[in-house]
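Asker: what's the 3D shape of this:
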Amino acid sequence: MTVVPRRLLLLIVAIALAAAGFALHREPGPWRLLLGAGVVATLVALLAQRLPAAAQLALPWGAAGLLIALGAGGLLGERAAGSPLLWPLLAGALALLLLAAERLLRGRDDQVAWAGIAMALLLAGASLVHLVTTGKRHDIPGIGTVYALDDDMMITLRYAQNLARGDGLVWNAGERVEGITNLLWALLLAPLHWILPTERVAAGAIALNALLFVLLLFATVRLVRQLGGSGLAAGLAALALATHQATLHWVAGGGEAALLALLLVQVARRALHAEPTRREAVGAALLAGLAWLARPDALPALLPLLALLAWPRSADGRARRALEVAAAAAALPLAATLFRLAYYGSPLPNTYWLKMTGWSGRTEAGVAYVAAGLLHHFGFAAAALLGALRLATLPRGADAAALRTPLAARGALALLGSVLLHGGYVLYAGGDELPLERFLLPTVPLLFALGFAGASARPAAEPHPGLAVAPLLLLAFGTIGGSYVPFTRDPAQITRAVAERANTMIGYLLRANTEPDATVAHFWAGAAAYFSQRRGLDLLGKCDAVIARQEAKAGLLKPGHNKYDFAHSLAQQPDVIVGGDGGAATLAFLAEKYLNPASPHHGYRAFAELYRHPDFAGFYCRAGRDEVGVPAAMPQLVGGTGSTLAPEYADVSRRFHALFVRAGSTRARPPAQWTAPTFDSLR
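Answerer: Prediction:
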């Protein structure tokens with residue numbers, strides 16, 4: 001029996017205590033105190049590896065019952081569907097069901113895993129349907145039902161739309177700027193435009209994401225089994241992934257995270273083969289190349305896995321295998337780089353120049369971003385660290401009963417290395433502006449696989465498996481991790497859904513009231529640009545090569561929102577400018593909200609600084625200082641002076657994103673003449 005050294009035990013317990021204390025400081029409460037204690041107790045028990053048989057049976061059932069009681073009490077006491085105590089209720093019930101299945105199907109481990117998969121599919125399906133119907137499906141006046149993704153994903157969808165139309169992989173026809181980082185995802189979305197109407201393409205993207213998520217569930221379960229995890233551990237990993245709020249949010253949001261996570265897990269599974277054949281190794285390396293096409297920043301996570309593939313256990317032919325793996329892994333990235341050079345004139349996407357250059361605050365922003373991710377996932381991260389250590393320190397003779405491959409020990413360390421390297425790169429890159437740590441999601445399945453496999457792995461001589469504490473991992477870590485309960489509102493989606501609907505309405509409003517050759521300047525360059533089908537100017541530089549290569553504005557830590565050049569943008573005389581705030585916002589309000597360094601909205605300072613530019617004041621606003629924010633006194637504001645626009649559309653301009661028409665424009669109607677869109681009025 002392997003016993004972890006006392007010093008290492010004390011170190012990890014201290015880390016767990018510090019993490020639990022940090023979480024409790026942020027969200028104090030007696031129930032979190034209890035769960036924090038559960039985390040520490042679980043870490044101590046697993047590291048000591050000396051749980052008596054009776055405790056192994058009693059702990060998970062007792063913990064599940066306790067958390068069910070907590071959840072029920074919280075619901076009865078608070079009577080709130082969104083109560084954070086609802087997750088313990090669900091998690092406890094799920095763990096009890098799987099434990100019951102494990103007892104009924106004793107000796108049929110694979111069937112226990114299938115039971116977990118079935119429960120996971122039901123939960124994930126219910127959650128995704130709810131998230132889509134409440135946040136991605138919009139009733140647009142005069143148009144009908146329209147689906148929209150998260151706004152950044154709508155930029156990718158516009159690239160795919162132009163490619164499908166024959167205009168090339170561009171944001172604007174004839175302007176070759178690569179304003180996306182997810183090339184493979186854009187290529188996969190392009191064919192949807194051949195088979196679906198514009199109003200339904202986003203729904204097709206979500207359906208494709210859902211399919212990828214199902215494949216990811218199965219792949220994660222198989223990875224847990226490859227690491228030596230039991231059927232119960234594999235089922236619990238599937239449930240953890242199917243109730244993971246951030247993953248569900250971005251699957252419904254149309255991002256490429258599920259695709260990248262699936263490719264990473266598949267590469268990991270092939271790297272863990274005991275003796276992969278030449279064909280298997282090259283195939284896995286090609287999958288790694290596809291992962292790079294999905295997002296180039298996947299490279300750090302891929303490196304440890306490629307090292308496993310390139311360095312087989314047998315010394316025979318290692319050099320040749322290393323060359324074959326390296327060549328196969330580099331083939332697609334090299335081809336994509338040559339394409340970028342020939343097509344865009346740059347070996348790197350425009351987003352690289354926007355977010356990785358000219359920004360002295362990148363490291364500070366990255367630290368804050370990764371710290372937030374650790375806060376939300378510290379339980380799972382601790383479980384993954386523990387799992388990797390446990391798998392790596394099992395006796396060599398344990399393979400027959402616990403490990404499905406002799407590579408499981410070093411494979412676990414490779415997976416942990418992938419997680420750490422990916423997190424380190426995200427920190428170096430400055431993180432992301434969007435909610436729920438989108439950039440960290442691709443390695444979440446690896447965290448779950450390590451945590452649950454490590455909890456269930458055991459030496460062959462041990463009569464009672466350590467898997468009995470795996471439900472406690474799910475219950476304690478899942479609850480502190482902020483997991484998602486079906487049919488409750490996703491806190492990160494509430495404001496996003498409002499924004500997506502408003503931007504969709506703006507897109508159709510622009511299309512109905514401007515000529516096809518009109519130019520529209522945007523802060524939000526996604527849904528409004530996609531549905532307007534007009535040439536766009538990206539005021540924040542993602543699709544503008546000039547702005548992307550400039551220095552970031554001092555003091556701004558929002559990636560992708562800290563570079564702008566209004567002199568450059570307004571010199572192109574856009575016919576319409578879509579502002580960052582509503583037309584009813586006064587200058588004092590804008591200054592307090594965006595220019596005050598203490599404001600939480602200070603990162604969007606550009607929204608207010610636009611009003612200071614003389615060209616904007618002279619051609620687009622054309623209102624006195626005291627008249628700004630008074631729509632009736634603003635002649636160039638859509639929904640302003642003399643407007644007869646339907647109230648629901650006028651309010652979008654007044655209260656959400658102001659639409660300003662350039663004085664004298666011949667490609668946009670005068671603001672007072674704008675009308676609500678209908679299918680017949682679209683140009």
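Asker: contacts, neighbours, all on C-alpha from now
Answerer: Fine.
Asker: Any idea how far apart the tips of stretch 559-576 sit?
Answerer: Separation of the first and last residues of stretch 559-576 by Cα to Cα, to the nearest Å is 25 Å.
Asker: Show me the contact partners of that stretch.
Answerer: 354-355, 430-433, 518-521, 537, 539-542, 547-548, 550-553, 556, 603-604, 606, 610, 613, 615-616, 659-662, 665, 667-668 (Cα atoms under 8 Å, 6 or more residues apart in numbering).
Asker: Mind checking the pLDDT average for that stretch?
Answerer: Mean pLDDT, computed over stretch 559-576, is 94.
Asker: List the buried residues for that stretch?
Answerer: 559-566, 569-570, 573-576 (16 or more other Cα atoms under 10 Å).
Asker: quick check: longest helix of the chain.
Answerer: helix 362-393 (DSSP state H).
Asker: Give the other helices and strands that it contacts.
Answerer: helix 6-26, helix 30-48, helix 408-429, helix 444-456, helix 470-480 (3 or more Cα pairs under 8 Å, 6 or more residues apart in numbering; DSSP states H and E).
Asker: now that helix, how far from the chain's geometric center?
Answerer: With Cα atoms, centre = their mean, to the nearest Å as the basis, helix 362-393 stands 16 Å off its chain's centre.
Asker: Next, the angle helix 408-429 makes with it.
Answerer: 180 degrees (axes from the mean of the first three to the mean of the last three Cα atoms, to 10 degrees).
Asker: how about helix 362-393: buried residues?
Answerer: Buried-residue list, helix 362-393, by 16+ other Cα under 10 Å: 362-363, 365-367, 369-370, 373-392.
Asker: For it, what does the pLDDT average out to?
Answerer: Per-residue scores along helix 362-393 average to 79.
Asker: Derive a ChimeraX selection command for the buried subset of the contacts of stretch 559-576.
Answerer: A single ChimeraX command selects the buried members of the contacts of stretch 559-576 (16+ other Cα under 10 Å):
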select :354,355,430,431,432,433,518,519,520,521,537,539,540,541,542,547,548,550,551,552,553,556,603,604,606,610,615,616,659,660,661,662,665,667,668
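Asker: Let's see which of the contacts of stretch 559-576 end up in strands.
Answerer: Secondary structure from DSSP state E places Thr519, Val520, Ala521, Leu537, Leu659, Phe660, Val661 of the contacts of stretch 559-576 in strands.
Asker: Now render those as a markdown table, adding distance to Gly231 and pLDDT.
Answerer: Output for the ones in strands among the contacts of stretch 559-576, formatted as a markdown table (distance: Cα to Cα, whole Å; pLDDT from 0 to 100):
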| residue | distance to Gly231 | pLDDT |
| --- | --- | --- |
| Thr519 | 57 | 97 |
| Val520 | 55 | 97 |
| Ala521 | 54 | 97 |
| Leu537 | 53 | 96 |
| Leu659 | 56 | 96 |
| Phe660 | 60 | 96 |
| Val661 | 62 | 96 |
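Asker: These into TSV, with extra columns for distance to Asp626?
Answerer: As requested, the ones in strands among the contacts of stretch 559-576 are arranged in TSV below (distance: Cα to Cα, whole Å):
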residue	distance to Asp626
Thr519	29
Val520	27
Ala521	25
Leu537	29
Leu659	19
Phe660	17
Val661	20
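Asker: What is the nearest of these to Leu286?
Answerer: Taking Cα to Cα as the measure, Leu537 is the one of the ones in strands among the contacts of stretch 559-576 closest to Leu286, at 36.6 Å.
Asker: partner residues bridging the closest one?
Answerer: Beta bridges link Leu537 to Ala521 when assigned by DSSP bridges.
Asker: Report the separation between it and Pro631.
Answerer: Taking Cα to Cα, one finds Leu537 at 25 Å from Pro631.
Asker: Likewise for Ala382?
Answerer: In terms of Cα to Cα, Ala382 sits 54 Å off from Pro631.
Asker: Kindly report the same for Phe448.
Answerer: 53 Å.
Asker: The two: which has the busier surroundings?
Answerer: Phe448 (29 against 25; other Cα atoms under 10 Å).
Asker: so who does the residue lying closest to that one once chain neighbours are set aside touch?
Answerer: Residue nearest to Phe448 in three dimensions, not counting chain neighbours: Ala237, with 5.6 Å by Cα to Cα, 6 or more residues apart in numbering. By Cα under 8 Å, 6+ apart, the contact set of Ala237 is Thr220, Val221, Val224, Phe448, Ala449, Phe452.
Asker: Take these and lay them out in JSON lines including pLDDT and distance to Val282.
Answerer: Below are the contacts of Ala237 laid out as JSON lines (pLDDT from 0 to 100; distance: Cα to Cα, whole Å):
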{"residue": "Thr220", "pLDDT": "95", "distance to Val282": "21"}
{"residue": "Val221", "pLDDT": "94", "distance to Val282": "23"}
{"residue": "Val224", "pLDDT": "91", "distance to Val282": "23"}
{"residue": "Phe448", "pLDDT": "88", "distance to Val282": "27"}
{"residue": "Ala449", "pLDDT": "90", "distance to Val282": "24"}
{"residue": "Phe452", "pLDDT": "82", "distance to Val282": "29"}
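Asker: Go through these and say which is closest to Ala335.
Answerer: Using Cα to Cα, those come closest to Ala335 at Thr220, 29.7 Å.
Asker: secondary structure element for the closest one?
Answerer: helix 201-226 (DSSP states H and E).
Asker: Show me what counts as buried in that helix.
Answerer: 201-210, 212-214, 216-226.
Asker: got the angle between the longest helix of the chain and helix 444-456?
Answerer: Going by the same axes, to 10 degrees, helix 362-393 makes 30 degrees with helix 444-456.
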